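Enquirer: quick one, structure for this:
(chains A and B)
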Protein chains: 2
Amino acid sequence: MADNGKLVKEITSMEDDFAQWYTDVCVKADLIAYSHIKGFMVIKPYGYAIWENIQKLLDARFKATGVQNVYMPLLIPESLLAKESELVQGFAPEVAWVTSGGTEPLTERLCVRPTSETVFSDFYKDDVHSYRDLPRLYNQWCSVVRWEKETRPFLRSREFLWQEGHTIHATREEAEARTQQMLNVYAEFLADEMAIPVIRGRKTEKEKFAGAEATYTVEAMMHDGRALQSGTSHFFGQKFAEAYGIQFTDRDNKLKYVWQTSWGMTTRVIGAMIMVHGDNSGLVLPPHIAPVQVEIIPIQQRKEGVLDACRRAEKELIDAGCRVKVDDTDKSPGWKFSEQEMRGIPLRIEMGPRDIAANEAVIVRRDNGQKCTVSLDKLGETTAALLETVQKEMLEKAQKHLESHTWSVTGYDEFKDTIANKPGFVRAMWCGDQACEDKIKEETGATSRCIPFKQEKISGVCACCGKPAKYMVYWDKAY
Amino acid sequence: MADNGKLVKEITSMEDDFAQWYTDVCVKADLIAYSHIKGFMVIKPYGYAIWENIQKLLDARFKATGVQNVYMPLLIPESLLAKESELVQGFAPEVAWVTSGGTEPLTERLCVRPTSETVFSDFYKDDVHSYRDLPRLYNQWCSVVRWEKETRPFLRSREFLWQEGHTIHATREEAEARTQQMLNVYAEFLADEMAIPVIRGRKTEKEKFAGAEATYTVEAMMHDGRALQSGTSHFFGQKFAEAYGIQFTDRDNKLKYVWQTSWGMTTRVIGAMIMVHGDNSGLVLPPHIAPVQVEIIPIQQRKEGVLDACRRAEKELIDAGCRVKVDDTDKSPGWKFSEQEMRGIPLRIEMGPRDIAANEAVIVRRDNGQKCTVSLDKLGETTAALLETVQKEMLEKAQKHLESHTWSVTGYDEFKDTIANKPGFVRAMWCGDQACEDKIKEETGATSRCIPFKQEKISGVCACCGKPAKYMVYWDKAY
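Expert: Okay, here's the model as predicted:
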């Protein structure tokens, strides 16, 4: 960047220390503040405005598939949580327990929801009677609490915001189709709106959700080559239905258990967005998600006519459907550039007396630094079109990064060497035996990210043990 | 109503038992379900869609005044809560305490937020340094927990959804103006969108919020004449600023404490809407809030052309900006009418073969049962205009009800007799002494609702003790 103000110098470079760079960006771009309880963060206005845009766009995609929003209780009685044994084993070590209400101890302790399969199941049990009541396609936007040991803003916190969809169906086929459908909604949302390409696939038995028959996942690659699970969709079969007694009378007049799914996306995706698109000047936001898409920065703003011209440009951009802001504070232009870059605002428009005299403005792209000069007569349409170009090219750039950092390996030495020395996804054949998965994790730090839907036979044998292979798997170190 | 189907017969009439009528409507109109924990309800899709409309409209009004949304931690350490003594005394008896996280007991117990003054104050303390950082106009949409003894859907529950705005300012004047401004936002929102007229005023010392210097309130009157506090806005002065150390350097280079406000509206307003507008056929929703504004019900729907005509009408209404649904299930028209009435859908359009042949449809208003016949050529514009008429007339009707149930009294016998026998607000002079307030509450069950901004001198002396009066006060039994 031409103008490296003081702000920029304050963040660690990503090459020096990626983890510190990430934390610096979260704080300096004004996304979060730390609270006084470990693992509980304050999401500041700029961070929350990003989440509001994510919610709005994702919620519309859910509703287009027939999903309805509801709200379920925050607290879950221990006995209710305990009904499904795998789930309780999976979550018991990480829940927060309420033991008194008001001045009196509770007769049964209540946990703050870590996820709501149990509460939805308990509700559905009384709500559904006949095949006519099915499917139920419910979702809620809320916060959940999981008592994590290590915490990092957005990526892993003791409280986080998310949506959790919980659906029930009359047939296995319909429930399986819904599980896939919602995974595709996530993948398309991430690509179209957040400019994040993903690999779609199924989790191994070891990595799947507690209580699920199958877990599907979308896996994104961060700038440092690590994987980040960015959304999951679970098929439960009839496990919860049996544990909670969710039955319905089918067309054939027989009493049957429902088939169930759940699917969730969290504020983690904000972390993904930071680590996929960010650079050493700070955040880089995809235009569809950016709370402010264009910042107009006046040059020599005290000169007559400059601020007026900026205001006219602002109005034109609003009319063209852009989210725009004029920075007319008394900071220097260099400082303003640096702030706009730190906050990842996709386009900057510079307007000084000479530009205005020439009926022009300079537009600078945040994603690649490219400058162009535009006629003020076409400012609205040019800017709106450029935002779409930026959105598209950010996805292409991330897609290229993902592809150029994906390595196909056959033998175990090559596997270990690649994980150790080449950041990115490793594609390798696997026998399907958890022993190999455990060994790989222990010896390389990589976990199986997914068994991708798009299978490709790299070799005939497991990259770890050499026995006949069942699947091609994506492996990586992960956040 | 012409068509009293089975559904309608299932609810208690409001004249027989208003409380039971209310509960029946909540359940039969599909707004809520009871969960298995006392005081924690499930907000079902129809109830939640109403809340989403409330959120959308109210949030836009907040943002128009410069408010920004944030998200603060759900859990509050006991020591943080305890810093402001009045607040902790007010809330300690009704909070839920988390005492263990994961498998280990916590060193300090954490309460589930009952309100977030403490957390915002703790955040602002580090976030604000100079007068340039002020004002901060933050709000959050979230759930809160208060361990109430008696609970009723929407009106009083142990968990409820709300928004809580928390602002800090450089001067007393600015903070006081903001407190008033937000009360006006509530009053205008309730009138314009929810068709609920309110009395604006100040709470007495006895009734104000724990820790506040002044609490302003909007008080609505339910159909049974009782009051419901529908939104409050608090001026804290510098009390929290001093307790939490929120200081800034002012223009004069001196270190000063900020001036603070908070203001909230909750899912209680859904309860208010039910009790202001509902009738013996169920819910009556104001069009601006109704998830479905128009329901098209085909008559003899198996006759050729009927469903097609309904679909064409649906499309026209969507194009006219209406939220519309065709009920093409195989239930009888009478059953559908009854369901549409129970759910309070503002307009019903009936379309049978004869109507269609005559190029007409019948529109029935939910609020007053009026029917009219409309040409299909003008269906979109007529319906859109009629929705606005309904919205306006619902407010007028509620306003008339409020006015015709407001009684001005002078002596204490008249006061007691009016409270006992005439449902509604009692306007009476008050000396300002809490002893009279306590006596009135004990002897009549009425509480002071507010000292209205629009004062009027009914007499010169307190209606209770006969000493010189300071204020005219609204009194009523309340929810």
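Enquirer: in the stretch 301-450 of chain A, which residue sits nearest chain B?
Expert: Closest residue of the stretch 301-450 of chain A to chain B, C-beta to the nearest C-beta: A:Thr329 (9.0 Å). Yep, even glycine has a C-beta here, placed from its N, CA and C like the rest.
Enquirer: ok, that residue - contacts?
Expert: A:Thr329 makes contacts with A:Lys336, as judged by C-beta atoms under 8 Å, 6 or more residues apart in numbering or on different chains.
Enquirer: am I right that it falls within a helix?
Expert: No - under DSSP: H, G, I helix; E, B strand; the rest coil, A:Thr329 falls outside any helix and is assigned coil.
Enquirer: how close does it sit to A:Glu108?
Expert: Computed as C-beta to C-beta, to the nearest Å, the A:Thr329 to A:Glu108 distance reads 55 Å.
Enquirer: can you check A:Ala19 too?
Expert: Distance from A:Ala19 to A:Glu108, counting by C-beta to C-beta: 41 Å.
Enquirer: pick out whichever of these two has more residues nearby.
Expert: The neighbour comparison of A:Ala19 against A:Glu108 (other C-beta atoms under 10 Å in any protein chain shown) goes to A:Ala19, with 13 against 10.
Enquirer: which SS state does that one fall under?
Expert: Here A:Ala19 is recorded as helix under three-state DSSP.
Enquirer: ok, it to chain B distance?
Expert: Look at A:Ala19 and chain B: by C-beta to the nearest C-beta, to the nearest Å, they are 23 Å apart.
Enquirer: likewise for A:Asn184?
Expert: From A:Asn184 across to chain B, the span is 23 Å (C-beta to the nearest C-beta).
Enquirer: quick one: contacts for the residue most central in space within chain A?
Expert: For chain A, A:Val269 is the residue whose C-alpha lies nearest the centre (C-alpha atoms, centre = their mean; 1.9 Å). Neighbour list for A:Val269: A:Ile54, A:Leu190, A:Met194, A:Ile196, A:Ser230, A:Gly231 [criterion: C-beta under 8 Å, 6+ apart].
Enquirer: can you dump the C-alpha atoms of the helix or strand harbouring it in CSV for me?
Expert: Assigned by DSSP states H and E, A:Val269 falls within helix A:268-277. Provided in CSV are the C-alpha atoms of helix A:268-277 (Å, rounded to 0.1, in the frame of the first residue of the first chain):
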residue,chain,number,x,y,z
ARG,A,268,-16.7,-18.9,13.5
VAL,A,269,-17.3,-18.0,9.8
ILE,A,270,-16.3,-14.5,10.7
GLY,A,271,-12.9,-15.9,11.7
ALA,A,272,-12.8,-17.9,8.5
MET,A,273,-13.5,-14.7,6.5
ILE,A,274,-10.7,-12.9,8.3
MET,A,275,-8.2,-15.7,7.6
VAL,A,276,-9.2,-16.4,4.0
HIS,A,277,-9.2,-12.8,2.8
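Enquirer: how close does A:Phe160 get to chain B?
Expert: In terms of C-beta to the nearest C-beta, A:Phe160 sits 10 Å off from chain B.
Enquirer: neighbouring strands - and their directions - for the helix or strand hosting that residue?
Expert: For A:Phe160, the host element (DSSP H and E) is strand A:159-169. Paired with strand A:159-169 in the same sheet, following DSSP bridges, are strand A:136-145 (antiparallel), strand A:259-266 (antiparallel).
Enquirer: give me the neighbour count for the residue lying closest to A:Glu164 once chain neighbours are set aside.
Expert: Spatial nearest neighbour of A:Glu164, excluding adjacent residues (C-beta to C-beta, 6 or more residues apart in numbering or on different chains): A:Gly264 at 4.7 Å. Residues lying near A:Gly264 (other C-beta under 10 Å) number 21.
Enquirer: any idea how far the nearest residue to A:Gly411 once chain neighbours are set aside is from A:Met429?
Expert: Leaving aside its sequence neighbours, A:Gly411 sits nearest to A:Ala463 (C-beta to C-beta, 6+ apart; 6.4 Å). When distances are taken as C-beta to C-beta, A:Ala463 and A:Met429 turn out to be 5 Å apart.
Enquirer: cool, A:Gln89 as well?
Expert: 31 Å.
Enquirer: more neighbours: which of A:Ala463 and A:Met429?
Expert: Remark: of A:Ala463 and A:Met429, A:Ala463 carries more neighbours, 28 against 24, as counted by other C-beta under 10 Å.
Enquirer: list phi and psi for the closest residue to A:Tyr244 other than its chain neighbours.
Expert: Spatially, and ignoring its direct neighbours in sequence, A:Tyr244 is nearest to A:Ser121 (3.9 Å; C-beta to C-beta, 6+ apart). With angles defined as degrees, to the nearest 10, A:Ser121 sits at phi -60, psi -40.
Enquirer: what's the burial count for A:Ser121?
Expert: Neighbour count of A:Ser121, defined by other C-beta under 10 Å: 26.
Enquirer: kindly provide the distance from A:Trp162 to chain B.
Expert: 12 Å.
Enquirer: would you indicate which residues of stretch A:70-85 are buried?
Expert: Applying a neighbour-count criterion of 16 or more other C-beta atoms under 10 Å in any protein chain shown, the buried positions in stretch A:70-85 are A:Val70, A:Tyr71, A:Met72, A:Pro73, A:Leu74, A:Leu75, A:Ile76, A:Pro77, A:Leu80, A:Leu81, A:Lys83, A:Glu84.
Enquirer: which ones among those residues are found in strands?
Expert: Of the buried residues of stretch A:70-85, the ones assigned to strands by DSSP state E are A:Leu75, A:Ile76, A:Pro77.
Enquirer: so for stretch A:274-284, mean pLDDT?
Expert: Stretch A:274-284 shows a mean pLDDT of 98.
Enquirer: list the buried residues in that stretch.
Expert: Of the residues in stretch A:274-284, A:Ile274, A:Met275, A:Val276, A:His277, A:Gly278, A:Asp279, A:Asn280, A:Ser281, A:Gly282, A:Leu283, A:Val284 count as buried by neighbour count, 16+ other C-beta under 10 Å.
Enquirer: chain center to that stretch: distance?
Expert: Centre-to-centre, stretch A:274-284 and its host chain are 15 Å apart (C-alpha atoms, centre = their mean, to the nearest Å).
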